[in-house]
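Enquirer: Here is a sequence with its predicted model. Questions after.
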Amino acid sequence: MRRPGVAKSGGEGAEGAPRRGRPRSIETTNAILESAYALMAATGLSATTIDAVARHSSVSKMTIYKWWPSREALLIDAFLHYAAQMLPLPPASSGTPAARTRRHAAAYAEALQDEFGKVQLAVISECISKTGSAELFYVRYLQFRRDALVEMIAAGQTDGSILAEGSPEDLYDAIYGSLFYRYVFGIAPITPAYARNLVDMVLRSKG
C-alpha cells in the first residue's frame, strides 16, 4: 500500500485514492507530514489544524486540502510517516520470523513509553470522535502493518521457528493487542523485556 509521492521507509506507506494533476513533490509531502507530526507531539491534536500545518510547513492550505481528503487522514498519514521511520518492519534477512517479531514487539513497547504512544492514542481517539469508529486508522495505518506481521508469523509456523498452532491473525492480536491494552489502561509497566517474553509465550518460538 503506498500513497503516490510519499517516501516509503521500512517498506510501508499509505494508500490514497488516485488523483489527477501533477504528481506530488516528495519533499513537499514529507514537509507536510513531518510538520503535522511535530505539531501533534508538541501542542496536541486540537492545535494541529490545517492552518497550523500550513504555517509550520510553509505549504499552502490549498495543496494540503488537495492531497488529503480530511484532517483525520492527514493526521494518520503523519503518524504513519513517523512510525515507518521509528518502527520499520524487520526485513526477512534480519533473522527468523520469531526473532524478527520479538525485536519489533520490543521496539513497539519502548516506543509506547515516549510521545509515540500518546500521539497514537490521540489519533485513534480523534478518528472515533469524528467518524464514530477507528476504521479510518485501521485502513490508512494499521492494516498494512498487521498484514505484514501476520504473514511473518505464518512464515515462522511454516519453517518451524514458531510452534503455536493458532491462526497467525489471532497470534498477532494476542501480542500487540496485549501491549496496547496494558498501555491504554496503565495496568502494568511495559518494557522491551516484557514484550520479548510475551512473544515467546504466545508464539512458543524456538529461535
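Expert: Yep, it's here. Numbering: from 1, shown residues only.

Enquirer: just so I have it, where are all the helices in this protein?
Expert: For the chain, applying DSSP state H gives helices covering 26-43, 50-57, 61-67, 71-86, 97-112, 115-131, 135-137, 143-159, 168-172, 178-185, 192-203.

Enquirer: which helices and strands sit right next to the longest one?
Expert: Secondary-structure packing of helix 26-43 (3 or more CB pairs under 8 Å, 6 or more residues apart in numbering; DSSP states H and E): helix 50-57, helix 61-67, helix 71-86, helix 115-131. C-beta coordinates here come from the backbone N, C-alpha and C atoms, glycine included.

Enquirer: Could you identify which of the ones you listed is most buried?
Expert: Among the helices and strands packed on helix 26-43, ranked by average contacts under mean count of other CB atoms under 10 Å, first place goes to helix 71-86 (a mean of 22).

Enquirer: which helices and strands does it pack with?
Expert: helix 26-43, helix 50-57, helix 115-131, helix 135-137.

Enquirer: Which among these is found nearest to A193?
Expert: helix 115-131 (17.3 Å; CB to CB).

Enquirer: any idea how the protein splits into domains?
Expert: Per automatic domain parsing, the structural domains of the chain span 1-86, 91-203.

Enquirer: With mean pLDDT as new columns, can these be given to me in CSV?
Expert: Listed next are the domains of the chain as CSV, based on pLDDT from 0 to 100:
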stretch, mean pLDDT
domain 1-86, 80
domain 91-203, 94
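
Enquirer: still on that earlier bit, so which of the helices and strands packed on helix 71-86 comes closest to V202?
Expert: helix 115-131 (20.8 Å).

Enquirer: And for that closest one, what's in contact with it?
Expert: 37, 40-41, 44-45, 70, 72, 75-76, 79, 82-83, 86, 111-112, 133-137, 183-184 (CB atoms under 8 Å, 6 or more residues apart in numbering).

Enquirer: now stretch 154-167
Expert: Taking CB under 8 Å, 6+ apart as the rule, stretch 154-167 contacts 96-99, 101, 153, 168, 171, 174, 202-207.

Enquirer: quick one, what contacts L171?
Expert: So L171 contacts I153, I162, A164, V202, L203 (CB under 8 Å, 6+ apart).

Enquirer: What's the separation between S93 and R100?
Expert: 10 Å (CB to CB, to the nearest Å).

Enquirer: Tell me which of those two has more neighbours.
Expert: Taking other CB atoms under 10 Å, S93 and R100 do not tie; R100 has more neighbours (23 against 6).

Enquirer: Confirm for me that the more buried one is in contact with P88.
Expert: No. Contact criterion CB atoms under 8 Å: R100 and P88 do not qualify, at 11.0 Å.

Enquirer: which parts of stretch 92-104 are buried?
Expert: T96, P97, A98, A99, R100, T101, R102, R103, H104 (16 or more other CB atoms under 10 Å).
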